[in-house]
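J.: Structure of the sequence below:
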Amino acid sequence: MTVKRMDNVGIVVEDIEAAIAFFSELGLVLEGRAPIEGNWADGVTGLHGMRVEIAMMRTPDGHSRLELSSFLAPPVVADHRDAPVNALGYLRVMFTVEDIDDTLGRLVTRGAKLVGEVVRYEHMYRLCYIRGPEGILIGLAEQLPQKAS
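T.: From the prediction side, this is the model:
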């Protein structure tokens with residue numbers, strides 16, 4: 001059997017309000033928010049007494065979602081927010097944007113910090129990594145116009 005689709009990528013945050021504001025500025029749309037708890041949640045996560053608030057953010061094309069989770073219980077056990085790009089496990093989430101310079105300008109007002117620099121990959125993309133809310137590593141890509149052959 002093959003995968004039908006990827007539903008979402010989940011990121012655990014401490015300040016869900018700031019994360020929603022940041023990803024809204026990037027252009028994602030808040031689909032909904034909900035508290036999650038109960039036996040079914042405990043069962044699926046393996047965390048007894050789990051309580052979490054989630055916010056589901058959708059990309060403008062409707063094909064991708066980012067699930068932001070803020071755990072109320074049990075306490076957070078690890079913090080990987082400052083992990084470099086070559087750390088094992090979660091690496092980054094990347095978004096294609098229309099104008100990387102405009103996007104960076106707007107996200108800097110929400111606390112984003114450029115990791116390295118904006119670079120050009122051949123004649124195809126301009127790319128960069130930023131640290132977003134709580135140090136989340138985010139890639140931005142601007143597709144360059146293709147020259148006619």
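J.: only C-alpha atoms for contact and neighbour calcs from this point on.
T.: Fine.
J.: so how far does stretch 48-63 reach from one end to the other?
T.: 32 Å (Cα to Cα, to the nearest Å).
J.: Would you mark the buried spots in it?
T.: Neighbour-count burial for stretch 48-63, counted by 16 or more other Cα atoms under 10 Å, picks out Met50, Arg51, Val52, Glu53, Ile54, Ala55, Met56, Met57, Arg58, Thr59.
J.: can you pull out the strands in the protein?
T.: 9-12, 29-37, 51-58, 65-73, 93-96, 113-114, 119-121, 125-131, 137-143 (DSSP state E).
J.: ok so, going back, okay, who's weakest in the buried residues of stretch 48-63 by pLDDT?
T.: Note: of the buried residues of stretch 48-63, the lowest pLDDT belongs to Met50, at 92.
J.: show me the contacts for that residue.
T.: Each residue near Met50 by Cα atoms under 8 Å, 6 or more residues apart in numbering is listed here: Ile36, Glu37, Gly38, Ala41, Asp42, Phe71, Leu72, Ala73, Pro74.
J.: ditto for Pro35
T.: Contacts of Pro35 by Cα under 8 Å, 6+ apart are Arg51, Val52, Glu53, Ile54.
J.: can you pull the pLDDT of it?
T.: 96.
J.: For it, name its beta-bridge partners.
T.: Under the criterion DSSP bridges, Pro35 forms beta bridges with Glu53.
J.: Serialize the contacts of Met50 to CSV and add fields for distance to Arg106 and neighbour count.
T.: CSV is the format used below for these (distance: Cα to Cα, whole Å; neighbours: other Cα atoms under 10 Å):
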residue, distance to Arg106, neighbour count
Ile36, 32, 16
Glu37, 35, 15
Gly38, 39, 11
Ala41, 36, 16
Asp42, 38, 15
Phe71, 28, 20
Leu72, 30, 15
Ala73, 33, 13
Pro74, 34, 12
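J.: Out of those residues, the closest to Asp82 would be?
T.: Closest approach between the contacts of Met50 and Asp82, by Cα to Cα: Phe71, at 18.9 Å.
J.: hang on, that closest one packs against Glu53?
T.: Yes - when contacts are counted by Cα atoms under 8 Å, Phe71 is listed as touching Glu53 (6.5 Å).
J.: Chain neighbours aside, what residue packs nearest to Arg58?
T.: Among residues not flanking Arg58 along the chain, Arg65 sits closest, at 4.4 Å (Cα to Cα, 6 or more residues apart in numbering).
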